[in-house]
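> I'll drop the sequence and a predicted model, then ask my questions.
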Amino acid sequence: MRQSRLFGKTLREDPKDEVSINAKLLERGGFVYKTMAGVYDYLPLGFRVLRKIESIIREEIDAVGGQELFLTALQPRDRWEKTKRWDALKDIMYQFKDKSGREMGLAATHEEALAEISTRSIFSYRDLPLFVYQIQTKFRDEPRAKSGLIRGREFLMKDLYSFHRDEASLNEFYEKADGAYRSIFKRCGLTAYVTEASGGTFTKQFTHEYQVLSDAGEDWTVYCGHCGYAQNKEISSLKDDDTCPKCGDVMKMARSIEVGNIFKLGTKFSEAFGLLYADEKGEKRPVVMGSYGIGPGRLLGTIVEVHNDERGILWPESISPFRVHLIEIPGKMSPETVKKEAEKMYGDLVAKGAEVLYDDRVGLSAGEKFADADLIGIPWRVVISEKTLEKKGVEVKKRGEKAAIVMKEKDFLKML
RNA sequence: CGGGGUGUAGUAUACCGGCAGUACGCCUGCUUUGGGAGCAGGUAGACCGAGUUCGAUUCUCGGCACCCCGACCA
C-alpha cells in the first residue's frame, strides 16, 4: 500500500473530545473515525487490524469445532417476549416501530435468535453437541459510552453458542472454549487473567471472565502475578497484598478490561423456545446451552491501551495493519536514485508477499515521516535514503527499539 | 439515569450588544530533506431553536452534543 494513496490521514494533535489513550492514538493515526460517542468507523488501517483479530478468533474457534453463521441485527418483539427480555432489556436495547407499526429492535445479544433457529436443526441426541458462532454487530444504548473502543453503543461481538445433551458435555466443551480463549488473547499480544465472576442477571452460576490489566478498564481484578490465579473484585474476599490461596505468593489488585467471558447458560433459553432433543429412549429433554463472547473492537482498543509509548502505538506483529513500514527520504543529492531504490524494494516486498506500507509521500520532512511511523506503530521500519545508499544497504529498526541497523536488502527479505 | 464540566476554524485561544482576530494545523507552489524545516499564497469558525433588541456570537429561556465521576453493564 502506498501511503500517498491511503484513505485516512494522521493528525498532529489529539482530538479534543477524547481522553482515553486508545481513542486518541487510533484517531490520530487514522485508524478510526468517531461518528458519535461510543460509535466508531473503521478506516482502512483500523479495519486491517480488526480483520486480523477476527482471523485469529476464527482460527481458534473453528479449531474447537465452531461453525460460523451470521444472524440478523433487526429482530421482532415477540421473539424477545418468549424470555420476557423485551421489557427487561428496554433500557439498553434500541426498540422502535417500523412504518407499519410493528415493534422491533436491534439485537443487544443473540441467545433468543439462536435458540429459536436451533429448533429447526436440533431434534435428537445425535445432533448434539453443536457449536455455532458469529462475528456481528451488537447495539446497546449504553447510559454512558466511554473510553473510546472499550465501551461503545454499536460494537462487534464474536458470540459463540454451544448446545449439549447434558452438563457433562457442556463442561467438556467449556474447558475447550477456555483453551481457545486463552490462545486468542495470547496471540493478540495480551496477558489475560481468567477470573471467576458473577453471571449478573443472566445466570446464577459463576462465569469466567478474561481480564487484561489496564487503567482504562472498568473492572477490578485481584490477581496473583506468580501463578495467575485471579478473581473479580465484585465477588472476591481477597484484597490487595493478601496471600494467594493457590501458591502462597502475594495478590495484587488492579484495574482491568474484560475482553471476553464464558457462561454456562443451562436450559433457560432452550426451555423458553421449546428447544428439546430426544434421548436414546425417545424422551424429550431440554438442550443445555453455553455462551461465549469476545468483542473484537474492544480487543483492538485494549491492545492499544497495553502496547503504546509516548510516540504512538506498538502493534504486536500478529495483528499489525502492515508488517513493514518502508520510508523513503529523498535528500538533495540524488532524490531520483533514492526514489528508484525505494520503489524497487517496495516491489520486492510486495512480490515476496510481505504486507508493506510504503511512505512515498512527497514534500514531507524526514521528521514528519518518522513521527507518523511511530504513531502508526508498524513493527518493522525500513528507511531508504542517501545515507543508506552510501552504505549500500537499508536501515532497519524495530518499533520501540532505539537502535537501527543497516543491512543488505536481501538479508532483510530473508529475515522476514 | 444522578452529579459535575465544556460548547467560537481541525487544535488552542482572543475580543465584542454593531464587518470575529491570532497562532498552530490543513491545502497549493517553490525551496528543503535523518526526528513534526523555511518562504509565499490560500482554506476554514460563533452547537441548534425561541425570546429581548434597530441589531445577538455576546443577554434570557429551552433543547442538543461532547467529556468526567457515580450508578448500570446479557
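Nice, I can see it.

> when you work out contacts or count neighbours from here on, use the C-alpha atoms and nothing else.
Fine.

> just say helix, strand or coil for the residue in the stretch 251-400 of chain A that RNA strand B sits nearest to.
Closest residue of the stretch 251-400 of chain A to RNA strand B, Cα to the nearest atom of the strand: A:Gly367 (2.9 Å). Under the three-state scheme (DSSP: H, G, I helix; E, B strand; the rest coil), A:Gly367 adopts helix.

> give me the neighbour count for it.
Number of residues near A:Gly367 (other Cα atoms under 10 Å) recorded here: 10.

> same check, this time on the one 3 residues further on
Look at A:Phe370: counted by other Cα under 10 Å, it has 16 neighbours.

> which strands and helices sit next to the helix or strand it falls within?
Using DSSP states H and E, A:Phe370 maps to helix A:366-376. When contacts are defined as 3 or more Cα pairs under 8 Å, 6 or more residues apart in numbering; DSSP states H and E, helix A:366-376 sits against strand A:312-313, strand A:324-329.

> domain parsing for chain A?
With domains defined by automatic domain parsing, chain A comprises A:3-309, A:324-415.

> okay, those domains in TSV with mean pLDDT next?
Listed next are the domains of chain A as TSV, based on pLDDT from 0 to 100:
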stretch	mean pLDDT
domain A:3-309	94
domain A:324-415	94
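
> for those domains, give me JSON lines that also has distance to A:Ser318.
Formatted as JSON lines, the domains of chain A follow (distance: least, Cα to Cα, whole Å):
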{"stretch": "domain A:3-309", "distance to A:Ser318": "6"}
{"stretch": "domain A:324-415", "distance to A:Ser318": "10"}
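
> out of those, which is closest to A:Trp315?
Of all those, domain A:324-415 sits nearest to A:Trp315, with 5.7 Å by Cα to Cα.

> coming back round to it: now the helices and strands packed on helix A:366-376 in JSON lines, with distance to A:Glu218?
Converted to JSON lines, the helices and strands packed on helix A:366-376 look like this (distance: least, Cα to Cα, whole Å):
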{"stretch": "strand A:312-313", "distance to A:Glu218": "22"}
{"stretch": "strand A:324-329", "distance to A:Glu218": "34"}
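
> any chance of those in CSV, plus distance to RNA strand B and mean neighbour count?
As requested, those are exported to CSV (distance: least, Cα to the nearest atom of the strand, whole Å; neighbours: other Cα atoms under 10 Å):
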stretch, distance to RNA strand B, mean neighbour count
strand A:312-313, 8, 26
strand A:324-329, 5, 25
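
> and of those strands, who's closest to A:Ala108?
Short answer: strand A:312-313, nearest of these by Cα to Cα, at 30.9 Å.

> just checking: what are the partner strands of that closest one?
strand A:308-309 (antiparallel) (DSSP bridges).

> give me the residues contacting the helix holding A:Phe370.
Applying Cα atoms under 8 Å, 6 or more residues apart in numbering, the contact partners of helix A:366-376 are A:10, A:25, A:28-29, A:311-314, A:325, A:327, A:329, A:359, A:381, A:399.

> try 6 Å this time
The list of residues contacting helix A:366-376 from outside it, by Cα atoms under 6 Å, 6 or more residues apart in numbering, reads A:29, A:311-313.

> so where do the strands sit in the stretch 201-350 of chain A?
With strands called from DSSP state E, counting those that start in this stretch, the stretch 201-350 of chain A shows them at A:207-213, A:219-224, A:230-232, A:251-266, A:276-278, A:284-286, A:288-294, A:308-309, A:312-313, A:324-329.

> remind me what the third one packs against, helices and strands.
Judged by 3 or more Cα pairs under 6 Å, 6 or more residues apart in numbering; DSSP states H and E, strand A:230-232 is in contact with strand A:192-197, strand A:219-224.

> export only the CA atoms of the last one, formatted as CSV.
Only the C-alpha atoms of strand A:219-224 are listed here, as CSV (Å, rounded to 0.1, in the frame of the first residue of the first chain):
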residue,chain,number,x,y,z
ASP,A,219,-13.3,-3.8,36.4
TRP,A,220,-11.0,-4.5,39.3
THR,A,221,-9.1,-7.8,39.3
VAL,A,222,-7.4,-9.4,42.3
TYR,A,223,-4.6,-11.4,40.8
CYS,A,224,-1.5,-13.4,41.5
